[in-house]
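> fold the following.
(chains A and B)
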Amino acid sequence: MHPGAAPPDALHGAVHRRIRNRALAIGLSVMPFGVSFGAVSVASGLSVVQTCLLSTVLFSGASQFALVSILGAGGGLASALATALLLGVRNGLYATRVAELVRPHGWRRAVAAEVTIDESTAMALAEDESGHAKRAFWTTAASVYVLWNLSTLVGALAGSGLGSPAAAGLDAAGPAAFTALLAPRLRAPEMRVVAIVAAAAALATVPLLPVGSSVLVGGGVAAAGMALRSRRATA
Amino acid sequence: MTLWVTVLAASLGCLALKAAGYVVPARALQRESLRRVVETLPVALLSALIAVSTFATGKHLALDSRAAGLAAAIVLVVLRAPFLVVVVAACAVAAGVHALHP
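Here you go, the predicted structure:
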């Protein structure tokens, strides 16, 4: 925060416009993901109401997609739930930063918690220097929340009208969506190693474990390896 | 019924994880080693999800139209295509291959 360096009104207006435009662009950019999620969720056997509830309450794309993807493949409820929760852990860490930047109080804290996701956190961090982190967080959160829920509903209704998931190619929507989410996280070489180890461990345990739980094994093995490594590095 | 329980548990659980960050003292969560594990988790889980949702059918490994869809998605992601293009192309390729080899 830079309370002493408040820019003049004209500059304020320019920053407000920039934040509004970026927030809208980010909201629009999540819509294809929302439509795919809605369609895949319904194809996985969830009702339109259950699908929309995930977007209104859970409100975190990767966790939502993972949940319906594992359920759709015939995976156990516990595996689907555990994977969704582990993918949601990062939002808790984001929240510690957002709490410092946005400082919500009272009921606003509960609302801020619900909308603390990749996009709103990134925008708050990006506008920290301009002193408008708060506005950036709330504007982005509102834009993404509204458009995410709208696009989920559209996808769920459209998905109800499609035939078998394989014939429509919908069974490739999950892998494609996960690839798009994973790619920006692979810049560090060690993350590429983590990704390869996780995929290999998951595939190796597919025939041995209940359906869906090999995802957890793969993810757990790779993340545990990273934890051991960083502990040794800091020791 | 159990599906409803899963949907509600996942929704409330993920919401609780977000809320935890506002309640737990920031210092407790900003240790370097913990931050690295939290960064690693989505990479590991997403990669495992890609592998299993593409190459597993129940408890068996399978090479089918989904692999063709994934290949298309990887090429387009490397080319920095927008999300919409990546998903639609992956579905179209998978549907095409499925129609040829059902």
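> contacts, neighbours, all on C-alpha from now
Will do.
> list the helices and strands the longest helix that chain B contains packs on?
Longest helix in chain B, counting residues (DSSP state H): helix B:32-55. Contacts defined by 3 or more Cα pairs under 8 Å, 6 or more residues apart in numbering or on different chains; DSSP states H and E place helix B:32-55 against helix A:61-72, helix A:77-102, helix A:173-182, helix A:189-205, helix A:213-234, helix B:65-78.
> so does the helix or strand of chain A with the lowest mean pLDDT get close to chain B?
Lowest on mean pLDDT, DSSP states H and E among the helices and strands of chain A sits helix A:213-234, with a mean of 81. Yes. Judged by Cα under 8 Å from any Cα of the partner chain, helix A:213-234 and chain B are in contact via A:214-216, A:218-220, A:222-224, A:226-227, A:230-231, A:234.
> from the residues you listed, which two are the most distant?
A:214 and A:234 (30.2 Å; Cα to Cα).
> which strands and helices sit next to the least confident helix or strand of chain A?
Helix A:213-234 is packed against helix A:77-102, helix A:189-205, helix B:32-55, with contacts defined by 3+ Cα pairs under 8 Å, 6+ apart.
> and the ones you listed: which comes nearest residue B:87?
Residue B:87 sits nearest to helix B:32-55 of all the helices and strands packed on helix A:213-234, at 13.4 Å, using Cα to Cα.
> phi and psi next, for residue A:117.
Geometry field for residue A:117 lists phi and psi as phi -140, psi 180, criterion degrees, to the nearest 10.
> what's the pLDDT at it?
Residue A:117 carries a pLDDT score of 95 in this model.
> contact partners for the residue lying closest to it once chain neighbours are set aside?
In this structure, residue A:117 finds its nearest non-sequential neighbour in residue A:91, 5.8 Å apart by Cα to Cα, 6 or more residues apart in numbering or on different chains. Going by Cα atoms under 8 Å, 6 or more residues apart in numbering or on different chains, residue A:91 touches A:116, A:117, A:118, B:17, B:18, B:21.
> same check, this time on residue A:95
Contacts of residue A:95 were listed using Cα under 8 Å, 6+ apart, and they are A:113, A:116, A:121, B:18, B:19, B:20, B:21, B:22.
> and the residues you listed, which two are furthest apart?
Farthest-apart pair in those is A:121 and B:20; separation 15.4 Å (Cα to Cα).
> low-confidence regions, the chain specifically.
Just so you know, I chose chain A. Within chain A, the stretches with pLDDT under 70 are A:1-10, A:231, A:233-235.
> my question was about chain B, not that one.
Short version for chain B, where the test is pLDDT under 70: B:1, B:29.
> closest to the centroid, which residue in chain B?
Among the residues of chain B, the one closest to the centroid is residue B:46, at 4.3 Å (Cα atoms, centre = their mean).
> is it correct that it is in contact with residue A:178?
Yes. Counting by Cα atoms under 8 Å, residue A:178 is a contact partner of residue B:46 at 5.9 Å.
> for residue A:152, find the nearest of the helices and strands packed on helix A:213-234.
Closest to residue A:152 of the helices and strands packed on helix A:213-234 is helix A:77-102 (Cα to Cα; 17.5 Å).
> any buried residues in that closest one, and which?
A:77, A:79-99, A:101-102 (16 or more other Cα atoms under 10 Å in any protein chain shown).
> with stretch A:141-155 instead?
A:141-145, A:147-155.
> which ones among the residues you listed are found in helices?
A:141-145, A:147-155.
> so what's the backbone phi/psi at residue A:59?
Per-residue torsions, residue A:59: phi 50, psi 60 (degrees, to the nearest 10).
> mind listing what it touches?
With Cα under 8 Å, 6+ apart, residue A:59 has these contacts: A:114, A:115, A:145, B:11.
> quick one: the closest residue in space to the second one that isn't next to it in sequence and chain B, what's the gap?
Closest residue in space to residue A:115, ignoring its immediate chain neighbours: residue A:141 at 5.7 Å, by Cα to Cα, 6+ apart. Taking Cα to the nearest Cα, to the nearest Å as the measure, residue A:141 and chain B are separated by 14 Å.
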